[in-house]
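Participant: here's my sequence, what's the structure:
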Amino acid sequence: MKKTIIALLILLTGWHTAQAQDISQFNTLNDSAYQTKAEYQSANKYQKDAILFMDMVADTHPYYVKPERREEWFAKKDALLEKCQTMETDEALADALNEVLGKLKDKHTSVTTQKQLEELKAEFRKEQKEKGIVAGAPDREHIMRPHNNIYDYQIFSNQSICYLQFNKCASKADYPFDEFLNNMFDQIEKDDINTLVVDVQYNSGGNSYYCTQLFERLYPVDKTNFFSTYIRLSNYLASINPDYASLKDTWEKEGHKDELYKYPARKIPANYPQPKLFEGNVVFVMGPQTYSSAGILLTFARDHHLGTIIGTTSTFSPSHYGDVLCFRLPNTGIGGSIPHKFFVRPDKSKSDETVMQPDVEIDLGDKDAAWQYILQQYGKAKAQCRYYKSYEDFTEDRWVPLGDIFVSSHNERYKFWWGGDDYSIATGDSEKDLILRNEAFIIMQGDMLYLNCNKLKNSDLRFSLGYVKAKYLEGRGLVFVGPGAVKIDNTENDRSNAYAAAGTAIGLASMAITGVGFVVVPTGNVSGKNKGPVCYLISDTSTNAEGYRIRQINDRVMSLIMIDNDKLCKEYYAEKNEGRRQLAKHIIPILEKSGHLFSAPRRSEETDTPAE
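Facilitator: As a prediction, this is how the structure comes out:
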């Protein structure tokens, strides 16, 4: 029953039946050339509608733009018509049509009867009643349970969290979404809120325009890469939209056949007003009902390296078919929907991915436990801040307690991105700040690690004076991202020359951004084979006084890390260029796939006590 309810929620959004009262409002298929053929004329009503359905799907769905795919599709026709010959109910036809769709049957492509739709609506209303979902203010004690509103927010000042439940990509006439966002972000600024939680676990889509309205308050418009859109200019689309009919005629006269029309890329006007950006932490909640336009929002976030996505594996594909057309079969009255566009995600290198994995997987079945997780991980009153005086102290978990800290960056826009060594950390107490600057090797805030570059000592490498975010590679040590560095001899002259070269690099490349969202603040001579930020590994050693060594993660190190994972090792060496192979944007995704890269070590609660 749970799957049935999820399917209904998406069905209601995809077909806009939240407004439509019944299937009779859908456009009727009545322009097929098959209607004049003897095969159609002699068929029963179920066979007639099956013929029209097969023809419309082949001509409308973007998947069937290729002739060989249409041939495979029509190969199913005879068996379907034979099944229809003995049918007695409209519901039997609807089930048969859904079955013949095969892998294309998704939350955008399906059929149903009015009777089936009414039964699903009744089940949905029953479930809503059982859950106690009623109009009015959300229950703050059970905030992640579904609300009656299509969007609302709650401020939790003590935790410095704003919780936005975004249940449908739409706008209310009496409270437009743009006005709602203005009010919410004004309140966030007034209350100095640090974390925005965007919960779309109940959002099965709508109009992606409203997702854009939200996203442009979280990410610079002029740096946004958009989806590429391809349209199937079909007979059915032309019959219901005169503009597309004209475009189809022109497209075909130009000689285009068996092709998708690429919609012109979105262009941002030079004078486009950039809304004020929220510069805090963003957490997105993804669930099994997250689909369509809500999936587009999360894909934007993932491909622009914005925030953290928590929840469950997606039921949507980041590159996907969408923008549904509703239809009604004339002989049975069965209704359905079919997409006529194909959307390719902004990061084209990942366009073949069929699902999106969350950054952090959590169980959304227990809503209250999920909310407690968010409070503990992202709220202000989370795990105590602490610092470690050495790498050995960090590995042995000997820490010194620390009060609230304030993390800032020379470039606020990238404050929460992993990468860059321009973070500064302060407590508000000048004496304590001096101790941190001179004594702290690692500062830990919740599960976030900040590495003090000023404390890094290595005979060959030099790093800057700021902090850099780090992650823990299980069984190996700490990983952080920085620019490619050059060996520096110990003579004063060689050191000064190297630092002069570093200064030139900073002038040319400060704040350059890679494809994976790392902010590059060069600290050394970046000429050489690594044209971009690379990864470094800090690991144990007994050969020096510091008790650790720093190595760039190169081919040798990656081979050691992936020694038991042949698949990921092959993926690493699939990049033939050695320099590009060793860049952070190539290495980090592979380390993440290994399942051994964590925000911080997983400590036992029994041993989680400060050093004496």
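
Participant: quickly list the domain ranges of the chain.
Facilitator: Structural domains annotated on the chain: 1-128+227-265+318-354, 131-206+272-316+355-382, 384-607, as defined by automatic domain parsing.

Participant: dump those domains to JSON lines, plus distance to F215.
Facilitator: All C-beta spots, glycine's among them, are computed from the backbone N, C-alpha and C. Written out in JSON lines, the entries for those read as follows (distance: least, Cβ to Cβ, whole Å):
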{"stretch": "domain 1-128+227-265+318-354", "distance to F215": "11"}
{"stretch": "domain 131-206+272-316+355-382", "distance to F215": "5"}
{"stretch": "domain 384-607", "distance to F215": "14"}
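
Participant: any idea which of those domains is most buried?
Facilitator: With neighbours taken as mean count of other Cβ atoms under 10 Å, those reach their highest mean count in domain 131-206+272-316+355-382, at a mean of 19.

Participant: quick revisit: CSV for the domains of the chain, including distance to V221 and mean pLDDT?
Facilitator: Shown next, in CSV, are those (distance: least, Cβ to Cβ, whole Å; pLDDT from 0 to 100):
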stretch, distance to V221, mean pLDDT
domain 1-128+227-265+318-354, 13, 86
domain 131-206+272-316+355-382, 5, 90
domain 384-607, 13, 72
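
Participant: ok, which of the ones you listed comes nearest R217?
Facilitator: The closest approach between R217 and any of these, judged by Cβ to Cβ, belongs to domain 131-206+272-316+355-382 at 4.8 Å.

Participant: now V282: which helix or strand?
Facilitator: V282 belongs to strand 281-286 when elements are defined using DSSP states H and E.

Participant: the following helix or strand past that strand packs against which elements?
Facilitator: Reading on from strand 281-286 to the C-terminus, the next helix or strand found by DSSP H and E is helix 293-303. Contact partners of helix 293-303 among helices and strands, from 3 or more Cβ pairs under 8 Å, 6 or more residues apart in numbering; DSSP states H and E: helix 208-215, strand 281-286, strand 308-311.

Participant: doesn't V111 belong to a helix?
Facilitator: No. The assignment for V111, made by DSSP: H, G, I helix; E, B strand; the rest coil, is strand rather than a helix.

Participant: isn't it right up against A96?
Facilitator: No. At 9.4 Å, V111 does not count as touching A96 under the criterion of Cβ atoms under 8 Å.

Participant: so S430 versus T250, what's the distance?
Facilitator: S430 sits 70 Å away from T250, taking Cβ to Cβ, to the nearest Å as the criterion.

Participant: if you could redo that for T541, that was the one I meant.
Facilitator: 69 Å.

Participant: how about Q274?
Facilitator: 36 Å.

Participant: residue contacts, E571?
Facilitator: Counting by Cβ atoms under 8 Å, 6 or more residues apart in numbering, E571 makes contact with 590, 593.

Participant: now it: how far from N452?
Facilitator: Counting by Cβ to Cβ, the separation of E571 from N452 is 33 Å.

Participant: again, but for A574
Facilitator: The spacing between A574 and N452, counted by Cβ to Cβ, is 36 Å.

Participant: go on, A294?
Facilitator: For A294, the distance to N452 (Cβ to Cβ) stands at 40 Å.

Participant: span of stretch 213-231 from start to end?
Facilitator: 24 Å (Cα to Cα, to the nearest Å).

Participant: my bad, stretch 587-601
Facilitator: The stretch stretch 587-601 measures 20 Å between its terminal residues, going by Cα to Cα.

Participant: what's the answer for stretch 581-600, then?
Facilitator: Stretch 581-600: ends 26 Å apart by Cα to Cα.

Participant: repeat that for stretch 325-344.
Facilitator: The separation between the terminal residues of stretch 325-344, taken as Cα to Cα, is 19 Å.

Participant: how far does it sit from its chain's centre?
Facilitator: On the basis of Cα atoms, centre = their mean, to the nearest Å, stretch 325-344 is displaced by 28 Å from the centre of the chain it belongs to.

Participant: how about stretch 538-557?
Facilitator: When C-alpha coordinates are averaged (Cα atoms, centre = their mean), stretch 538-557 and its chain have centres 34 Å apart.

Participant: contacts for that stretch, please.
Facilitator: With contacts defined as Cβ under 8 Å, 6+ apart, stretch 538-557 is touched by 390-392, 395, 451, 456-458, 461, 470, 476-480, 484-485, 534-537, 561, 573, 578, 581-582, 587.

Participant: please save the CA atoms from it in CSV.
Facilitator: What follows is stretch 538-557 as a C-alpha-only set of coordinates in CSV (Å, rounded to 0.1, in the frame of the first residue of the first chain):
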residue,chain,number,x,y,z
ILE,A,538,48.6,12.7,6.1
SER,A,539,49.5,9.4,7.6
ASP,A,540,51.5,7.9,10.5
THR,A,541,55.2,7.5,10.4
SER,A,542,58.0,7.0,13.0
THR,A,543,60.8,8.5,10.9
ASN,A,544,60.4,12.1,12.1
ALA,A,545,59.6,14.0,15.3
GLU,A,546,56.1,15.1,14.1
GLY,A,547,55.0,11.4,13.8
TYR,A,548,53.3,11.9,10.4
ARG,A,549,54.2,12.5,6.8
ILE,A,550,52.4,14.3,4.0
ARG,A,551,52.2,12.9,0.5
GLN,A,552,50.4,14.0,-2.6
ILE,A,553,48.0,11.2,-3.6
ASN,A,554,49.5,10.0,-6.8
ASP,A,555,49.4,6.8,-8.8
ARG,A,556,51.4,4.9,-6.3
VAL,A,557,49.3,6.0,-3.3
